[in-house]
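> A predicted structure for the sequence below; I have some questions about it.
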Amino acid sequence: MPDGFKIIPEYLSPAAQADLVETLRGIAAEAPFYRPVMPGNGQPFSVEMTNAGPLGWVSDRSGYRYQSTHPSTGTAWPSIPAGILAAWDELTGYPAAPECCLINLYRGEKARMGLHRDADEEVFDAPVLSFSLGDSATFRLGGASRRGPTKAVTLHSGTVLVMGGESRMAYHGISKVFSGTSRLLNGGGRLNLTLRRVTKPKP
Ligand code: MD6
Ligand code: FE
């Protein structure tokens, strides 16, 4: 595995996972999950999304970007849960808080996320941190180019992934979600929280 790439299975206890799902229920009540579309062709994502934090990551026909409001309700995104902010401090040691907590919802056998890089931020010196909840999934980690080999890692509920250092700009994606492997979410499926610093911290 590349330098700076770390997987921490069972970082969240079953009780902490249940608490976090409850908190996310509240966030989704304020900022409903919606299905983004691809820039250009407007093809819908197979994953539904919402955000917490001062800046949310969105995609629509005009492109990918960060914005402070929900694209359909027009209101500010809810705050990032306190426990998640504490985990960011503990695991990244970065001297500023994350600004975006992207929340991905995978429902049904066809939900996946193609190979991509997290590259819409202004700064890349902070790691990206991700939390997995619910059904297990296959995470694919590639390298600096979209072509080339990938390694498969299974992410189970409660796992935290750190992509820092050399791995920060690596291609990655979710190739499969294994339906029925967790009972954490009512109705099944998988949630992923991806935390990122977007802007350069003020000195
Ligand atoms: C997912 N994760 O697990 C999608 N990106 O559903 C990501 O795209 C991701 O897990 C950057 C760093 C960690 C991640
Ligand atoms: Fe990503």
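The structure has been received and is ready for your questions. Ligands and ions are numbered 1, 2, ... in the order given.

> what residues are up against the closest residue to residue 131 other than its chain neighbours?
With Cβ to Cβ, 6 or more residues apart in numbering as the criterion, residue 131 has its nearest non-adjacent residue at 4.3 Å, and that residue is residue 193. Every residue, glycine included, has its C-beta placed from N, CA and C. By Cβ atoms under 8 Å, 6 or more residues apart in numbering, the residues touching residue 193 are 24, 84, 101-104, 130-131, 133.

> Out of those, grab the one that's most surrounded.
residue 101 (29 neighbours; other Cβ atoms under 10 Å).

> secondary structure element for that one?
Here residue 101, judged by DSSP states H and E, is contained in strand 100-106.

> what does residue 66 give?
Counting by DSSP H and E, residue 66 is found in strand 63-67.

> looking just at contacts, which helices and strands does that strand meet?
For strand 63-67, the packing partners by 3 or more Cβ pairs under 8 Å, 6 or more residues apart in numbering; DSSP states H and E come out as strand 56-60.

> if you average pLDDT over the strand it packs on, what comes out?
Strand 56-60 shows a mean pLDDT of 98.

> how near is residue 94 to residue 66?
Separation of residue 94 from residue 66 (Cβ to Cβ, to the nearest Å) stands at 17 Å.

> ugh, wrong one, I meant residue 167
Residue 167 is 22 Å from residue 66, by Cβ to Cβ.

> For this structure, which residues are neighbours of ligand 1?
Counting by Cβ under 6 Å from any ligand atom, the chain comes close to ligand 1 at 104, 113, 118, 128, 130, 139, 161, 163, 172, 174, 192, 194.
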